[in-house]
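> fold the stuff below for me.
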Amino acid sequence: MSDFRLWHYDGVTAVRRSVLLRPAGTGFVLEEPESGWVGAPTDWSDLTVIGAQGDRPAYGHGAIPGWRMGFSGEAPPGIAAHLPKGERYGRWIDRFGLWPAAGVFTAVAALVVWGALEAPGIIAPLVPQSWENRMGDSMVGDFGGRFCHTPAGDAALKALAAQLDPQHEAREIALANIPMVNAVTLPGGRIILFDGLVQQAKSPDEVAGVLGHELGHVRHRDTMTGLIRQLGLSVVLGGAGGNAGGYLNGVLSLSYGRGAESAADGVAIDRMREARISPAATAAFFERLGGQEGEGTETQAMTWLSSHPLSAARRRRFAAAVKPGASYRPALDRAEWQALRTSCASDPKVAKFWGKAF
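So this is what the prediction gives:
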């Protein structure tokens, strides 16, 4: 038996003993020669590291609460070889090693980030259409009384919608008296063109391109995806309810990703081709709105560009979609175009943009 002394509490009394350790079978027995006290046999595998006493590890017994022992100096090699190792970084990290564990955690973190980015696109199509419709209805209301209506203007907008949306994928297409160069797609297939967009356009073909693009967002439910990504599942679980105004602001501030924008452009080009409307005007509209890439950041805030970032590749795609020799026709005739452009100005009941809150 080694004369190396340990301190020990047996978990029964509060007496701190100075003991010697005697190996026995697969474990040891602790003895205090001065008092004649002898502890119960303990297996090496019962020991656990429970902390430190000074700068030395303290050990406990896995089956006996309060049982503790420790060393006042370095344990002899014959004893140290049987002692459990203390955790340096944590149980699992110590088991696998720091760098392998760091690699696993990095992979898990990357998977979580990927899930956060991709999950909205998976969840959105699973949201019942009736829920999304109710959400869009709650958001829009009467849009603060800003929807423009005249008999001729309504007929012109209906004629434009009939060409680009013959299957009625959009539940409503409306014109709002808001002087911003913008258009938004709300949940539930509701598209709102702002009067500022119509006034900025030089032809109905330009408006047709923007409307076709918004119809692409309706088909792919991009607004629902964007809201889930931006505001979380509360959008789905809580519905619109009293948060309708906040969700509407969320829609207005949405910025779609490049993939969604490209897919919506594809729908616009297809719709215009089927309606025999030239996409050349849309390419020119994008060029005029966007100017040189990287310029006009401040003036683009709260416009269609803020949520639908343009690029030279997008403009070229519309320009390349023009088919030489194709027989195109205007999206609206001159009288219809004039009626659409003057609809908000001619509606005596429409609310002014700055005069009434949403």
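
> all the helices of the stretch 201-350 of the chain, residue numbers only.
Using DSSP state H, counting those that start in this stretch, the helices of the stretch 201-350 of the chain run over residues 204-220, 222-231, 234-238, 244-252, 258-275, 280-290, 304-307, 312-320, 334-341, 343-346.

> per-stretch mean pLDDT over those helices, give me the minimum one.
Of all these, the minimum mean pLDDT falls on helix 234-238 (a mean of 45).

> indicate which one of the helices of the stretch 201-350 of the chain is closest to residue 195.
Of all the helices of the stretch 201-350 of the chain, the one in closest proximity to residue 195, counting by Cβ to Cβ, is helix 343-346 (4.4 Å). C-beta: built from backbone N, CA, C; applies to glycine.

> may I see the buried residues of stretch 165-182?
165, 170, 172-182 (16 or more other Cβ atoms under 10 Å).

> just to revisit the earlier point, now render the helices of the stretch 201-350 of the chain as JSON lines, adding mean neighbour count.
Converted to JSON lines, the helices of the stretch 201-350 of the chain look like this (neighbours: other Cβ atoms under 10 Å):
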{"stretch": "helix 204-220", "mean neighbour count": "26"}
{"stretch": "helix 222-231", "mean neighbour count": "22"}
{"stretch": "helix 234-238", "mean neighbour count": "16"}
{"stretch": "helix 244-252", "mean neighbour count": "17"}
{"stretch": "helix 258-275", "mean neighbour count": "19"}
{"stretch": "helix 280-290", "mean neighbour count": "21"}
{"stretch": "helix 304-307", "mean neighbour count": "20"}
{"stretch": "helix 312-320", "mean neighbour count": "16"}
{"stretch": "helix 334-341", "mean neighbour count": "18"}
{"stretch": "helix 343-346", "mean neighbour count": "20"}
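
> how about those in a markdown table, adding distance to residue 143?
Compiled in a markdown table, the helices of the stretch 201-350 of the chain are given as follows (distance: least, Cβ to Cβ, whole Å):
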| stretch | distance to residue 143 |
| --- | --- |
| helix 204-220 | 16 |
| helix 222-231 | 16 |
| helix 234-238 | 20 |
| helix 244-252 | 9 |
| helix 258-275 | 22 |
| helix 280-290 | 23 |
| helix 304-307 | 17 |
| helix 312-320 | 28 |
| helix 334-341 | 17 |
| helix 343-346 | 12 |
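
> what's the closest of those helices to residue 156?
helix 334-341 (4.0 Å).

> and residue 191, how many residues sit next to it?
24 (other Cβ atoms under 10 Å).

> quick check, it in a strand?
Yes: under DSSP: H, G, I helix; E, B strand; the rest coil, residue 191 sits within a strand.

> give me the domain ranges for the chain.
Domain assignment for the chain by automatic domain parsing gives 5-86, 91-126, 128-346.

> go through the ones you listed and find the least confident stretch.
Minimum mean pLDDT among these: domain 91-126, a mean of 61.

> coming back round to it: which one of the helices of the stretch 201-350 of the chain lies nearest to residue 13?
Per Cβ to Cβ, nearest to residue 13 of those: helix 234-238, 57.3 Å.

> quick check: the residue lying closest to residue 315 once chain neighbours are set aside vs residue 223, distance?
Among residues not flanking residue 315 along the chain, residue 286 sits closest, at 4.6 Å (Cβ to Cβ, 6 or more residues apart in numbering). Distance, residue 286 to residue 223, using Cβ to Cβ, to the nearest Å: 21 Å.

> the nearest residue to residue 200 once chain neighbours are set aside: what secondary structure?
In this structure, residue 200 finds its nearest non-sequential neighbour in residue 181, 4.8 Å apart by Cβ to Cβ, 6+ apart. Three-state call for residue 181 (three-state DSSP): coil.

> residue 195 is in contact with residue 181, correct?
No: assessed by Cβ atoms under 8 Å, residue 181 is found out of contact with residue 195, at 9.7 Å.

> name the helices or strands packed onto the helix or strand hosting residue 135?
According to DSSP states H and E, residue 135 maps onto helix 129-140. Using 3 or more Cβ pairs under 8 Å, 6 or more residues apart in numbering; DSSP states H and E as the contact test, the elements touching helix 129-140 are strand 183-186, strand 190-194, helix 244-252.

> list the pairing partners of the shortest one within its sheet, with orientation.
With DSSP bridges as the criterion, the sheet partners recorded for strand 183-186 are strand 190-194 (antiparallel).

> tell me which of the helices of the stretch 201-350 of the chain sits nearest to residue 80.
With Cβ to Cβ as the measure, helix 222-231 is the member of the helices of the stretch 201-350 of the chain nearest residue 80 (55.4 Å).

> now the angle between helix 129-140 and the closest one, please.
70 degrees (axes from the mean of the first three to the mean of the last three Cα atoms, to 10 degrees).

> sorry, back to before: and the gap between the residue nearest to residue 200 and residue 207?
For residue 181, the distance to residue 207 - Cβ to Cβ - is 11 Å.

> buried sites along the helix holding residue 135?
For helix 129-140, by 16+ other Cβ under 10 Å, it's 131, 132, 133, 134, 135, 136, 137, 138, 139, 140.

> can you redo those residues as JSON lines with distance to residue 84?
Formatted as JSON lines, the buried residues of helix 129-140 follow (distance: Cβ to Cβ, whole Å):
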{"residue": "131", "distance to residue 84": "56"}
{"residue": "132", "distance to residue 84": "58"}
{"residue": "133", "distance to residue 84": "62"}
{"residue": "134", "distance to residue 84": "61"}
{"residue": "135", "distance to residue 84": "58"}
{"residue": "136", "distance to residue 84": "62"}
{"residue": "137", "distance to residue 84": "65"}
{"residue": "138", "distance to residue 84": "61"}
{"residue": "139", "distance to residue 84": "61"}
{"residue": "140", "distance to residue 84": "66"}
